[in-house]
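Asker: Sequence and predicted structure, then a few things I'm wondering about:
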Amino acid sequence: NAGVTQTPKFQVLKTGQSMTLQCAQDMNHNSMYWYRQDPGMGLRLIYYSASEGTTDKGEVPNGYNVSRLNKREFSLRLESAAPSQTSVYFCASKFFPENTEAFFGQGTRLTVV
Amino acid sequence: AQTVTQSQPEMSVQEAETVTLSCTYDTSESNYYLFWYKQPPSRQMILVIRQEAYKQQNATENRFSVNFQKAAKSFSLKISDSQLGDTAMYFCAFMKPPNSGNTPLVFGKGTRLSVIA
């Protein structure tokens, strides 16, 4: 079982460059999430998709866009990367409403220089 | 909005000893779910234990147990017989119940636990 797969695992960007973080899950989950993790800040929600075709802003959405491509895939795009977006990014998914457990990918460490 | 507070940024414990990690939360909901997630150096997020607020009995998973005090809005994690593999960042998290809609997990800032041989 692959679970939640994130690509890439590591990335270095220059300020102003764009990139898309990919996330795919093979558990037939309907809900997917993007979080960022910064030292001393815990995990903060960027965007989420409660179901295919819907997306909603989380706590820290500025500078990001998302696309729920289909039920399996939920991508996060940085249009013009800034050093403040240096972070570890996690994708997660769960099956609403039957299950409460969220499953996480292994994270993407992004550095913006 | 719900908030989750972990007041201990770092803790350490001797191998085989017991340690308790604290978590408090703020909500106006009467039912909800609380979780402890473990993040070892591999970065993988692993669910350790979960508690549903309307269940009075404290959840237990092997060496991990919680002390859930609903009135005090407190949800602490006790790790018994600590092992070197317990060294990790631990996150407390809150979620509204499904009948409140499809809402995401809200996390605390984490407690870094070091188990010392």
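Answerer: Great, that's in hand. Residues are numbered from 1 along each chain as shown, chains lettered A, B, ... in the order given.
Asker: Could you count how many residues lie near the closest residue to residue B:72 other than its chain neighbours?
Answerer: Nearest residue to residue B:72, sequence neighbours excluded (C-beta to C-beta, 6 or more residues apart in numbering or on different chains): residue B:24, at 7.7 Å. No exception for glycine: its C-beta is placed from N, CA and C like everyone else's. The burial count assigned to residue B:24 is 17, neighbours taken as other C-beta atoms under 10 Å in any protein chain shown.
Asker: And residue B:24, how far from residue A:100?
Answerer: Plainly put, residue B:24 is 20 Å away from residue A:100 if you go by C-beta to C-beta, to the nearest Å.
Asker: which SS state does the residue sitting nearest the centre point of chain B fall under?
Answerer: In chain B, the residue lying closest to the centroid (C-alpha atoms, centre = their mean) is residue B:36, at 3.0 Å. Secondary structure, DSSP: H, G, I helix; E, B strand; the rest coil: residue B:36 is strand.
Asker: and the end-to-end length of stretch A:39-55?
Answerer: Distance across stretch A:39-55, first residue to last, is 27 Å (C-alpha to C-alpha, to the nearest Å).
Asker: Closest approach to chain B from chain A, which residue is it?
Answerer: Proximity of chain A to chain B (C-beta to the nearest C-beta) peaks at residue A:97, 3.3 Å away.
Asker: got the contact list for that residue?
Answerer: Taking C-beta atoms under 8 Å, 6 or more residues apart in numbering or on different chains, we find residue A:97 in contact with B:98, B:99, B:102.
Asker: which parts of chain A sit against chain B?
Answerer: Neighbours of chain B within chain A, by C-beta under 8 Å from any C-beta of the partner chain: A:31, A:33, A:35, A:40-45, A:48, A:50-51, A:58, A:88, A:90, A:92, A:96-97, A:100-102, A:104, A:106-107.
Asker: what's around the nearest residue to residue A:41 once chain neighbours are set aside, how many residues?
Answerer: Nearest-residue entry for residue A:41: residue B:109, 6.0 Å, with adjacent residues in sequence omitted and distances by C-beta to C-beta, 6+ apart. Look at residue B:109: counted by other C-beta under 10 Å, it has 20 neighbours.
Asker: if I pick residue B:109, what's in contact with it?
Answerer: Going by C-beta under 8 Å, 6+ apart, residue B:109 touches A:40, A:41, A:42, B:5, B:6, B:9.
Asker: ranges for the helices of chain A?
Answerer: Assigned by DSSP state H, chain A shows no helices.
Asker: which residues of it fall in strands?
Answerer: A:4-7, A:10-13, A:19-25, A:31-38, A:42-49, A:56-57, A:64-68, A:74-78, A:87-94, A:103-104, A:108-112 (DSSP state E).
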